[in-house]
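Novice: Turn this into a structure:
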Amino acid sequence: MKTEKMYIIDPVNFPGYVESTINEHGFVDYVTPSTTFEDYKKIKGNDRLVALPWDVVYNDYFAPYHKSLQEPFKEITPDQYDDALSCLPPLKWHNLNERFNVFFCSEFWTADLTSCTILDRKTEKCYQALRSIYVKDDYLINELETLVKDEN
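Specialist: Now for the predicted structure:
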């Protein structure tokens, strides 16, 4: 009987990724072909490990962890801006609107998070924060308008 793929995590000390998966035959992937989940917990020396479906892992563990890494934008120097722009090819370099220009670093921190670097052409100030490469422009614009309003 086939079962749903399960994802093994430590729910107490979630590091942002799954330990391994349990395949449709009920065995843990990436170890010997007949390793059971109970065997895997013994191998790892961790009785806290749990096996959960992906939607639970994503909603209850990954998404909150991902969000916790995304702090507010912080001002950086023009030299730091230039370094970020020239060290690796930028991704999604474009104008958010007539005021803000954005690019993302092509080296990722984790999953879809990478450095998001902003130039405010009105003030010539530069900002940076970790953001998803998939963040919507409207979200960034709202965040930046709040930031510059709070600075005044």
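
Novice: CA only for contacts and neighbour counts going forward, please
Specialist: OK.

Novice: how does this structure divide up, domain by domain?
Specialist: Listed by automatic domain parsing, the domain ranges of the chain are 6-68, 74-151.

Novice: Could you save these as a markdown table and add columns showing mean neighbour count?
Specialist: Below are the domains of the chain laid out as a markdown table (neighbours: other Cα atoms under 10 Å):
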| stretch | mean neighbour count |
| --- | --- |
| domain 6-68 | 15 |
| domain 74-151 | 15 |
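
Novice: any chance you could map the helices in this structure?
Specialist: Ranges of helices within the chain are 37-44, 54-57, 63-68, 78-87, 137-151, based on DSSP state H.

Novice: would you list the ones you listed in TSV and tack on mean pLDDT and distance to Ile9?
Specialist: Conversion of the helices of the chain to TSV gives the following (pLDDT from 0 to 100; distance: least, Cα to Cα, whole Å):
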stretch	mean pLDDT	distance to Ile9
helix 37-44	96	11
helix 54-57	96	8
helix 63-68	94	13
helix 78-87	96	34
helix 137-151	91	31
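
Novice: and of these, who's closest to Lys5?
Specialist: Minimum separation from Lys5 across the helices of the chain (Cα to Cα) falls at helix 54-57, 8.0 Å.

Novice: Pro89 versus the closest residue to Asp112 other than its chain neighbours, what's the distance?
Specialist: Of all residues not flanking Asp112 in the chain, Ser132 sits nearest, at 5.2 Å (Cα to Cα, 6 or more residues apart in numbering). Distance, Ser132 to Pro89, by Cα to Cα, to the nearest Å: 17 Å.

Novice: what do you get for Pro33?
Specialist: From Pro33 to Pro89 the distance is 41 Å (Cα to Cα).

Novice: what do you get for Thr123?
Specialist: Distance, Thr123 to Pro89, by Cα to Cα: 25 Å.

Novice: same check, this time on Asn23
Specialist: 38 Å.

Novice: Just give the nearest non-adjacent residue to the residue nearest the centre of the chain, would you?
Specialist: With distances taken as Cα atoms, centre = their mean, Leu113 lies nearest the centre of the chain, 3.8 Å away. By the measure of Cα to Cα, 6+ apart, the closest residue to Leu113 outside its immediate chain neighbours is Ser132, 4.4 Å from it.
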